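Undergrad: Sequence first, then the predicted structure, then my questions.
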Amino acid sequence: MANPHIDSLKQRRTQYALGKSLPLSQEAVTALVQDAVKHSPSSFNSQSSRAVILYGAQSLAFWDLVKDALRKVVPAENFAQTEQKIDSFAAGAGTILFYEDQDVVKSLQEKFALYADNFPVWSEQASGMAQLSVWTALANAGIGASLQHYNPLPDAAAAAKWDLPASWKLRAQMPFGSNEAPFGEKSFMDDAERFRVFS
């Protein structure tokens with residue numbers, strides 16, 4: 001049975017070979033990201049997810065912050081390989097920084113004390129759903145992307161550079177751009193190891 005949503009999910013793949021050409025205007029990409037985040041679910045409709053969309057020099061600046069942070073923890077003899085990897089992310093047209101607003105989480109914990117322990121978990125789930133929504137939307141627009149997790153290394157520097165609220169917690173980074181290489185075959189584990197069905 002054909003299902004447009006499943007077909008869309010199948011288009012979402014990790015792309016490390018990124019270029020700066022985009023099939024959409026910057027304004028259209030921004031609107032796409034905003035709509036994808038806006039319409040992603042969150043517990044209690046908390047809308048805790050935040051996104052910072054960086055283009056061009058601003059995106060390069062973020063990856064420079066990452067490199068600066070990594071220089072402090074990666075041995076000098078290994079840094080060339082690390083730098084090459086970071087440069088591949090910087091080669092794209094932009095980067096989306098995914099945040100979760102901890103003030104929203106704390107407010108829900110205060111209002112619904114019975115579920116206080118769950119709200120941080122649900123916030124992480126909301127972030128994951130926002131990331132998947134954006135990634136799938138980009139893929140369906142012909143834009144390549146990957147999901148990275150260099151937090152918390154660049155968090156303080158990024159917050160200072162873009163004057164972000166202290167309550168915003170960085171959860172992931174998504175470099176995006178043109179697809180400069182084909183996708184390889186994706187393998188899947190056996191369904192019997194992954195699913196249980198009872199009727």
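TA: Ah, there it is. Numbers count the residues shown, from 1 in each chain.
Undergrad: buried set for the longest helix along the chain?
TA: Longest helix in the chain, counting residues (DSSP state H): helix 119-140. Using 16 or more other CB atoms under 10 Å as the test for burial, helix 119-140 gives 119-120, 122-123, 126-131, 133-139. Where C-beta positions appear, they are placed from N, C-alpha and C, glycine not excepted.
Undergrad: Kindly report the same for stretch 47-58.
TA: Along stretch 47-58, these residues count as buried under the neighbour rule (16+ other CB under 10 Å): 48-55.
Undergrad: tell me which of the residues you listed is nearest to Ala158?
TA: Distances from Ala158 to the buried residues of stretch 47-58, taken as CB to CB, are shortest for Val52 (8.0 Å).
Undergrad: what's the following helix or strand after the host helix or strand of that closest one?
TA: According to DSSP states H and E, Val52 maps onto strand 49-55. Going down the chain from strand 49-55, the next helix or strand is helix 56-71, by DSSP H and E.
Undergrad: Now do that following helix: which elements does it pack against?
TA: Judged by 3 or more CB pairs under 8 Å, 6 or more residues apart in numbering; DSSP states H and E, the packing partners of helix 56-71 are helix 79-90, strand 94-101, helix 155-161, strand 168-179.
Undergrad: which ones are touching Asn118?
TA: Contacts for Asn118 (CB atoms under 8 Å, 6 or more residues apart in numbering) come out as Ser43.
Undergrad: what's the next helix or strand after the longest helix of the chain packed up against?
TA: With elements assigned by DSSP H and E, the helix or strand that comes after helix 119-140 is strand 144-145. Applying 3+ CB pairs under 8 Å, 6+ apart, we find strand 144-145 packed against helix 119-140, strand 168-179.
Undergrad: Name whatever forms a beta bridge with the residue lying closest to Ala145 once chain neighbours are set aside.
TA: Among residues not flanking Ala145 along the chain, Phe176 sits closest, at 4.0 Å (CB to CB, 6 or more residues apart in numbering). In this entry, Phe176 is beta-bridged to Gly94, Ala145, by DSSP bridges.
Undergrad: Would you agree Phe176 is in contact with Ala90?
TA: No: under the criterion of CB atoms under 8 Å, Phe176 makes no contact with Ala90, lying 11.7 Å away.
Undergrad: who has more neighbours, these two?
TA: With neighbours defined as other CB atoms under 10 Å, Phe176 and Ala90 compare such that Phe176 has more, 27 against 19.
Undergrad: Contacts only, for that one.
TA: Counting by CB under 8 Å, 6+ apart, Phe176 touches 18, 29, 92-96, 138, 143-145.
Undergrad: so what's it scoring on pLDDT?
TA: Each residue has a pLDDT score; the one for Phe176 is 98.
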